[in-house]
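[1] Fold the following.
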Amino acid sequence: MTQQSSLGVALGAHRRLAETFRQEYSRVLSVLVGELREFELAEDALSDAMAAAAERWPIDGMPREPAGWLLAVARRRAIDRLRRVGTERRKAPLLIVPDATTPALSEPDDIPDERLRLLCTACHPALSQQAQVALTLRVVGGLTTIEIARAFLVSETTMGQRISRAKRKIRDAGIPYAVPDAAELPPRLAGVRAVVYLIFNEGHTATAGARLQRVELQQEAIRLASLLHERLPDDLENAGLLALLLLTAARSPARVRRGGPVPLSEQDRGLWNRDQIARGLALVANGLSRQVVGPYMLQAAIAGVHAEAPRYDATDWARIIALYDLLIGSAEDPVLRLNRAVARMELGDLGAALSDVESLTTALAGFSHFHAARAEILLRLGRTSDAVQALDTAIAQTDNQPLRHELISRRAAL
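    Purely as a prediction, here's the structure:
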C-alpha cells in the first residue's frame, strides 16, 4: 500500500470514528446522567471512553454495538474517577453497573425516556432560556462548545462558562433528572420545543464548518419531537413542531449537490422524502382543522405549501404570505418578517419586499441570511452595486463554508 493510500484509509477511519461518536453521544450520555445524576462526571467519563475508542477501534476494529461499548467503558471510567477523588462510597449507590451479560444498547429507541429525561432536565424553568438552549445543544445535541458559541455569536469562553453554570445549578439546586408528571409538563413544553427546534436548525444549516447540513442533528431533533408528540398527542404545538421538522427535513436529500447548497428553486423534488411529507401533511391537516393554531403549526403549514407544489414556479406564494401574516400576529420574530419579505419578492412585489427588509436592518444586522436576501431583492430591482455590497456583508458574516462559497460565486457572477 502506498503512503498516499494509507493516508486515505486513515482519514476514512477517522471520519467513521467521528461520525459514530456524533451519532451515539446523546444516547450514551443520557443513560450515564440518569445513573450518575451529575452532568460533568457523566461527560468526563464518556470523554474518557471516546478517547479509549479512538485508541482501540482502529486496531481492534469497530465493535458491533458501539454505544454499548462506550457505555460499558464510560461506567468503568466513572468509577475510577470517583475512586480518585475519594467519593466512591458517597456516589456508588447512584451508579448502576450491569454485569457482562447485560445487553448493550443497539437501537435508538431503546432509551427514549432517558433522552426525554435529559431534555426536560436541561430545560428546567430554574435555568434561563439561554442556559437551557446552550446546555441542551451540548448534552442532547452533541454540539461542541465552540459550535454553540458561534450560533449565539459569543466567545467560546463565555459559552463554556454559561454551560458550566447551568450544570452547577442543576447539581446545587437538586433539580431532578425526570420527566415531569402530566400536571407539571405543559408549562415546560414551550422551552423544550424551542430547544428541539434550535437543535434542528443547527442540523438544517450548520453554523460553521465544511458541511452545509448535519443530518444526524435533524434526525435527533425529529426523534425528540416524536417523543413529545407521543407523550402528549393532543397538544397541537407538539404536533406542529413534529410536522415542521418532518416537512423541512424531507427536502434534505435535494439541498446539497457536490457539497454545495442547492436553492429551493433548483431542487430536484423527486429526491424529497415523500414518506416524511405524507406524515407531516397529515399532522398539518389535523391541526388546521382545530380552532386554535399556534406558531409551530402555522410554520408547518407554510412548509406544507412548499411540499405540495409540484414545481417551484407553481408555489402558492399568496397563501404563504397569508400564513406568515397569521404567524407574525401570534409570534413576533424578525426572522419571520424576513421570510415573509422573501415570499413577497417571489410574488413580484419587490417594493414591499425591500421596504420590509429595510425595516429589519437593526434587528438582523448580524444575520448573514438577512444580507443575502436583501442582495437578491436589490438585484431584482436592478441595483447591482448595492446588491454586491450586501453580498460582501453576508460573506463576512458566514462561517459555513459551503454557504460562503455559494455567496462568493454569486458575487463573482455580478
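[2] Spatially nearest residue to residue 368 (excluding sequence neighbours)?
    residue 397 (4.0 Å; CB to CB, 6 or more residues apart in numbering). Just so you know, the C-beta spots here come from the backbone N, C-alpha and C atoms, and that holds for glycine as well.
[3] residue contacts, that neighbour?
    366, 367, 368, 371 (CB atoms under 8 Å, 6 or more residues apart in numbering).
[4] Could you give the number of residues near the third one?
    If I follow you right, that is residue 368. Counted with other CB atoms under 10 Å, residues neighbouring residue 368 total 19.
[5] ok, it touching residue 394?
    Yes - Residue 368 lies in contact with residue 394 (CB atoms under 8 Å); the separation is 4.7 Å.
[6] list residues touching both of the two?
    residue 407.
[7] on that earlier part again, just the buried residues from the contacts of residue 397, in ChimeraX please.
    This is how ChimeraX selects the buried members of the contacts of residue 397, with burial counted by 16 or more other CB atoms under 10 Å:
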select :367,368,371
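[8] Just put the contacts of residue 397 in a markdown table and tack on distance to residue 190 and pLDDT.
    Shown next, in a markdown table, are the contacts of residue 397 (distance: CB to CB, whole Å; pLDDT from 0 to 100):
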| residue | distance to residue 190 | pLDDT |
| --- | --- | --- |
| 366 | 25 | 90 |
| 367 | 23 | 92 |
| 368 | 28 | 94 |
| 371 | 30 | 97 |
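[9] Quick check: the gap between residue 176 and residue 120.
    9 Å (CB to CB, to the nearest Å).
[10] Tell me the one of the contacts of residue 397 nearest residue 230?
    residue 367 (34.2 Å; CB to CB).
[11] I figured the closest one hits residue 335, correct?
    Yes - judged on CB under 8 Å, residue 367 makes contact with residue 335 at a distance of 7.5 Å.
[12] Need the CA coordinates for stretch 253-261. PDB is fine.
    What follows is stretch 253-261, C-alpha atoms only, in PDB (Å, rounded to 0.1, in the frame of the first residue of the first chain):
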ATOM      1  CA  PRO A 253     -31.500  15.000   0.100                       C
ATOM      2  CA  ALA A 254     -32.000  17.600  -2.600                       C
ATOM      3  CA  ARG A 255     -30.400  20.500  -0.700                       C
ATOM      4  CA  VAL A 256     -26.800  19.600  -1.400                       C
ATOM      5  CA  ARG A 257     -25.000  19.000  -4.700                       C
ATOM      6  CA  ARG A 258     -21.300  18.300  -4.800                       C
ATOM      7  CA  GLY A 259     -21.100  19.600  -1.300                       C
ATOM      8  CA  GLY A 260     -22.700  22.900  -2.100                       C
ATOM      9  CA  PRO A 261     -26.100  24.300  -1.400                       C
END
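[13] dump the residue contacts of residue 162.
    130, 131, 134, 154.
[14] quick one: contacts for the third one?
    Shown here is residue 134, whose contacts under the criterion CB under 8 Å, 6+ apart are 148, 152, 159, 162, 163, 166.
[15] Correct me if wrong: the fifth one contacts residue 136.
    No - using CB under 8 Å, residue 163 is not in contact with residue 136, being 10.1 Å away.
[16] So the two - more neighbours on which side?
    residue 136 (29 against 21).
[17] Could you measure from that one over to residue 221?
    Distance from residue 136 to residue 221, by CB to CB: 10 Å.
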